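[1] give me coordinates for this.
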Amino acid sequence: MAQSVAPNGQGILPDRMIAELVETGAIALARSLAPDQIQPASLDLRLGAVAYRVRASFLPGPRTLVANRIAELKLHEVALTSGAVLETGCVYIVPLLESLALPAGIAAAANPKSSTGRLDVFTRVIADRTRGFDQIEAGYHGPLYAEISPRTFPVLVREGARLSQIRFRRGQAMLDSAALAKLHAEVGLVDDADADVSDGIAVSVDLSGFPVPAGPGRDGTIVGYRAKRHTGLIDVELRDGYDLVEFWEPIGARGDKSLILDPNEFYILASKEAVQVPPAYAAEMVPFDPLVGEFRVHYAGFFDPGFGYSGAGGRGARAVLEVRSREVPFILEHGQTVGRLVYEKMLAKPQTLYGQGIGSNYQAQSLKLSKHFRA
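    As a prediction, this is how the structure comes out:
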């Protein structure tokens, strides 16, 4: 028998409880659930049949329906049933195939999927009468929408494409510093026994160099990739479909282990730490902290139970960092803290962990581009 979503306790709902939300109508579907749509601690959200190109991003606020704002701001409609290109620098609003009728005690939070963030596709979820992006209040009844703005590459999307994912939680699930320190001492959340665990596990950048993927004319080590401008489009559902050299410039390692971030350029880097998420927990990279520098790290921040976990084939995995500099050039140094990983407890362990045959593209990863690119 499936475990009820109404036990005592606080935490992130696992896969079987998400399935129960679908069965009871708390998650309503305009199209049948895809076989791998439910992940260990999240649900993939799917684009609907039409995208609305709008003049600007917006928040609906506490008294406004998203559909009404779309009617005021739309420039034109784009049918997605047969596929359509979303252009860089434009803002689109897409009704999702999933809507919610949440129980009073269940709230939700959304985030871009890892592959979406690694393409520099800026996307976030909005709902009726909300004050913030990606945050769904407990008991919400209504539709969901994706705001999409490709920043570097034009992308081809279709109805049913998955750019975002959503988590459901009951109460306060985040571990405080004391609980996080205890868990780290027990299992080693990162491969550094002396890691800074105040306000989350400190994550730093690795600029020492990684082996270059095999190929003609490729040797030495690199620290990451910088996105090229004026490239072809990327089909978001095409795996291993593109040669990375057509879209990315490898960045060679420097002797002083530093990197100058150019303003408004997009980089893929990797963490110095190998990370693991035990089965009874989920994790998230916290938003950009303006106190650490003029850049933004990690647009896609969910780490499912089992990520990097040896029991699920992970053996520790680097956190891939999606980095965009702001207004001024900024020097990153090897080992510099660039973000923090916060952990939340699960209401129950998921039936399937990340890395266990559910399309887990980034288990045991090192420096790695999105699944769309061939090495």
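[2] send me the helix ranked longest in the chain as CSV with only the CA atoms.
    The single longest helix within the chain, with elements called by DSSP state H, is helix 177-187. The C-alpha trace of helix 177-187 is given here as CSV (Å, rounded to 0.1, in the frame of the first residue of the first chain):
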residue,chain,number,x,y,z
SER,A,177,23.8,24.0,10.9
ALA,A,178,24.0,21.6,13.9
ALA,A,179,22.1,18.8,12.1
LEU,A,180,24.0,19.3,8.9
ALA,A,181,27.3,19.1,10.8
LYS,A,182,26.2,15.9,12.4
LEU,A,183,25.1,14.3,9.1
HIS,A,184,28.4,15.4,7.4
ALA,A,185,30.4,13.8,10.3
GLU,A,186,28.4,10.5,9.8
VAL,A,187,28.4,10.1,6.1
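[3] what about residue 325, how many neighbours?
    The local packing count at residue 325 equals 20, with neighbours defined by other C-beta atoms under 10 Å. All C-beta atoms are positioned from the backbone trio N, CA, C, and that covers glycine.
[4] list the buried residues in stretch 52-64.
    By neighbour count, and taking 16 or more other C-beta atoms under 10 Å as the criterion, the buried residues in stretch 52-64 are 52-54, 58, 60.
[5] export only the CA atoms of it, formatted as CSV.
    Output of stretch 52-64 as CSV, limited to C-alpha atoms (Å, rounded to 0.1, in the frame of the first residue of the first chain):
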residue,chain,number,x,y,z
TYR,A,52,3.1,33.4,-25.6
ARG,A,53,5.8,35.8,-26.5
VAL,A,54,5.5,38.7,-24.0
ARG,A,55,7.0,42.1,-23.8
ALA,A,56,8.6,41.5,-20.4
SER,A,57,8.8,39.2,-17.4
PHE,A,58,6.3,39.8,-14.6
LEU,A,59,5.0,38.6,-11.3
PRO,A,60,1.2,38.3,-11.0
GLY,A,61,1.0,39.6,-7.4
PRO,A,62,-1.6,38.6,-4.8
ARG,A,63,-4.7,39.6,-6.8
THR,A,64,-3.8,38.8,-10.4
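[6] what's stretch 67-85 in contact with?
    Under the criterion C-beta atoms under 8 Å, 6 or more residues apart in numbering, residues 47-56, 58, 60, 86, 92-94, 143, 154-159, 161, 233, 235 lie in contact with stretch 67-85.
[7] all strands in the stretch 201-350 of the chain, in order from the N-terminus.
    Taking DSSP state E, counting those that start in this stretch as the test, the strands found in the stretch 201-350 of the chain are 201-204, 210-211, 221-227, 234-235, 242-243, 248-252, 258-261, 266-275, 281-285, 295-297, 302-303, 317-325, 330-333, 337-345.
[8] is it possible to export these to JSON lines including mean pLDDT?
    Listed next are the strands of the stretch 201-350 of the chain as JSON lines, based on pLDDT from 0 to 100:
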{"stretch": "strand 201-204", "mean pLDDT": "89"}
{"stretch": "strand 210-211", "mean pLDDT": "86"}
{"stretch": "strand 221-227", "mean pLDDT": "94"}
{"stretch": "strand 234-235", "mean pLDDT": "98"}
{"stretch": "strand 242-243", "mean pLDDT": "95"}
{"stretch": "strand 248-252", "mean pLDDT": "95"}
{"stretch": "strand 258-261", "mean pLDDT": "95"}
{"stretch": "strand 266-275", "mean pLDDT": "92"}
{"stretch": "strand 281-285", "mean pLDDT": "93"}
{"stretch": "strand 295-297", "mean pLDDT": "72"}
{"stretch": "strand 302-303", "mean pLDDT": "88"}
{"stretch": "strand 317-325", "mean pLDDT": "86"}
{"stretch": "strand 330-333", "mean pLDDT": "92"}
{"stretch": "strand 337-345", "mean pLDDT": "90"}
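[9] and the ones you listed: which comes nearest residue 171?
    With respect to residue 171, and counting by C-beta to C-beta, the nearest of the strands of the stretch 201-350 of the chain is strand 337-345 at 10.1 Å.
[10] using CSV, list the CA coordinates for the closest one.
    As requested, C-alpha coordinates have been extracted for strand 337-345 and formatted as CSV (Å, rounded to 0.1, in the frame of the first residue of the first chain):
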residue,chain,number,x,y,z
THR,A,337,33.6,29.5,-2.4
VAL,A,338,31.0,30.1,-5.0
GLY,A,339,27.8,28.7,-3.4
ARG,A,340,26.3,26.6,-0.6
LEU,A,341,24.5,23.3,-0.7
VAL,A,342,21.6,23.1,1.7
TYR,A,343,20.1,19.7,2.7
GLU,A,344,16.5,18.8,3.4
LYS,A,345,15.1,15.7,5.0
